[in-house]
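*Asks:* have a look; sequence and predicted model below, questions after that.
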Amino acid sequence: MKNKQLLFLMLLIPFLSKAQSDSASKWRFSGYGEFYYSYDFAQPLNNEKESFIYNHKRHHEINANLIIAKAQFNDKRIRGTLALMAGTYAQYNLAKEPTWAQFMNEANVGMSLSKNNRIWLDVGIMPSHIGFESAISADCWTLTRSILAENSPYYESALKLSSSNKSKNLNLSFLFLNGWQKIERPSYSQRPSFGMQINYKPNKLLMLNYSNFIGTDSPDSLRAWRTYHNLYAQYEGKRKLGFIAGFDLGTDKYTASDYGLWFAPVLIVRYTLDQKSKIAVRGEYYQDQHQIIIQSPRTNAVRISGLSVNYDYRINKNMLWRIEGKVYDAKHPIFSQDKERQNYSLTTNLTVQF
């Protein structure tokens, strides 16, 4: 059944692309396909990478990480998006969602609340307001995601109120959420969750962002509140060099009475070689002292450092080829079924966009 749905989306993408009209149209149709091969040198027996990895999950096989068919409507006061998806990202990252929701990449509508269209109210399934790395690899500076991104929300069901100033360099958002990366609110929780985002661009080269989450990811009986803070700065120079520096910090209960925290700094440096080629290096560290997010039975504290090197080659405006080598180093053995401290992988993919 999954293969039939994947084939259907692949056949649908060219049709939607041809249906796209000129830029003045209220409708826009687009397609995205990301096909990959990844080799994990630990050679996992079940061909699945570590439990905290959700993108490019399959080892030593050619597969589709994410395929999207999207329709967007944009009028002066009304907007909406419907995007269906398939691939191993959806298979693993939405495994706990109901079956109907596992194929929903986006499904939202919005209306303007001001004459100048600077205040909007949107509702539905939408990309997360947290982080600088999305599920769409082509929008990220590196092929794979950081541990930080893999273990924070990629999507959310929300009621979102957003506003921008006249020059559109300051954007504010307030969100009422179903929970921590939840499309459907779990039956064990009736407590609300909230979020906020402040995005500021002091100039054309620099962007500063702060996002947060205040809510729960636990049964109401535990009376646990999760708080999460996401900060990053993104700089893209006029010439060849750019960087992203981020730091996230979260707190939640790890026992019935005790709270703990986890945190993760990330730094990405990207250099443009020429019009078609770019190279990026990512350094990261993830510490989850009480295993609130990442669990390992062989240790109490999860501490992982990571380094990756990424190369991009733009074949044409619709096709992008990428390759990335990555190494993880943990303080305790948590890789290869908790036998190894280090993990090495090589991933390549071809992205097609219409």
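*Replies:* Looks like it arrived, so ask away.

*Asks:* next secondary structure after the worst-scoring helix or strand of the chain on mean pLDDT?
*Replies:* Ranked by mean pLDDT, DSSP states H and E, the weakest helix or strand in the chain is helix 2-19, scoring a mean of 53. Counting by DSSP states H and E, the next helix or strand C-terminal to helix 2-19 is strand 27-40.

*Asks:* what are the pairing partners of that next one, and which direction each?
*Replies:* Its sheet considered, strand 27-40 pairs with strand 62-74 (antiparallel), strand 342-353 (antiparallel) by DSSP bridges.

*Asks:* so which of these gets nearest D139?
*Replies:* The minimum distance between D139 and the strands paired with strand 27-40 falls on strand 342-353, with 9.9 Å, by C-beta to C-beta. For every residue, glycine as well, the C-beta is placed using N, CA and C.

*Asks:* which parts of the closest one are buried?
*Replies:* By neighbour count on 16 or more other C-beta atoms under 10 Å, the buried set for strand 342-353 is N343, S345, T347, T348, N349, T351, V352, Q353.

*Asks:* now swap in stretch 244-262 and tell me
*Replies:* Under 16+ other C-beta under 10 Å, the buried positions of stretch 244-262 are I244, G246, D248, G250, T251, D252, K253, Y254, W262.

*Asks:* got a markdown table for these, with distance to V269 and pLDDT too?
*Replies:* As requested, these are arranged in a markdown table below (distance: C-beta to C-beta, whole Å; pLDDT from 0 to 100):
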| residue | distance to V269 | pLDDT |
| --- | --- | --- |
| I244 | 8 | 98 |
| G246 | 13 | 98 |
| D248 | 19 | 98 |
| G250 | 25 | 98 |
| T251 | 30 | 98 |
| D252 | 31 | 97 |
| K253 | 36 | 96 |
| Y254 | 34 | 94 |
| W262 | 24 | 98 |
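
*Asks:* what sits against D40?
*Replies:* K49, H59, H60, N343, Y344, S345 (C-beta atoms under 8 Å, 6 or more residues apart in numbering).

*Asks:* distance of it relative to N63?
*Replies:* 13 Å (C-beta to C-beta, to the nearest Å).

*Asks:* before we move on, what about P202?
*Replies:* 41 Å.

*Asks:* tell me which of the two has more neighbours.
*Replies:* Ranked by neighbour count (other C-beta atoms under 10 Å), P202 and N63 place N63 first, with 19 against 10.

*Asks:* for that one, which non-adjacent residue is closest in space?
*Replies:* In this structure, N63 finds its nearest non-sequential neighbour in T88, 5.5 Å apart by C-beta to C-beta, 6 or more residues apart in numbering.

*Asks:* next: S38.
*Replies:* T347 (4.1 Å).

*Asks:* show residues contacting stretch 105-120.
*Replies:* By C-beta under 8 Å, 6+ apart, stretch 105-120 touches 68, 70, 76-85, 90, 121-127, 135, 155, 160-166.

*Asks:* please flag which of those residues sit within helices.
*Replies:* A90 (DSSP state H).

*Asks:* which of the contacts of stretch 105-120 are buried? Put it as a ChimeraX command.
*Replies:* In ChimeraX syntax, the buried subset of the contacts of stretch 105-120 is picked out as below (16+ other C-beta under 10 Å):
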select :68,70,79,80,81,82,83,84,85,90,122,123,124,125,126,127,135,155,160,161,162,164
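
*Asks:* narrow the contacts of stretch 105-120 to those in strands?
*Replies:* 68, 70, 78-85, 121-127, 155, 160-164 (DSSP state E).

*Asks:* now K253: phi and psi?
*Replies:* Main-chain torsions, K253, degrees, to the nearest 10: phi -80, psi 140.

*Asks:* would you confirm that it contacts T227?
*Replies:* No - with contact defined as C-beta atoms under 8 Å, K253 does not count as touching T227 (11.2 Å).
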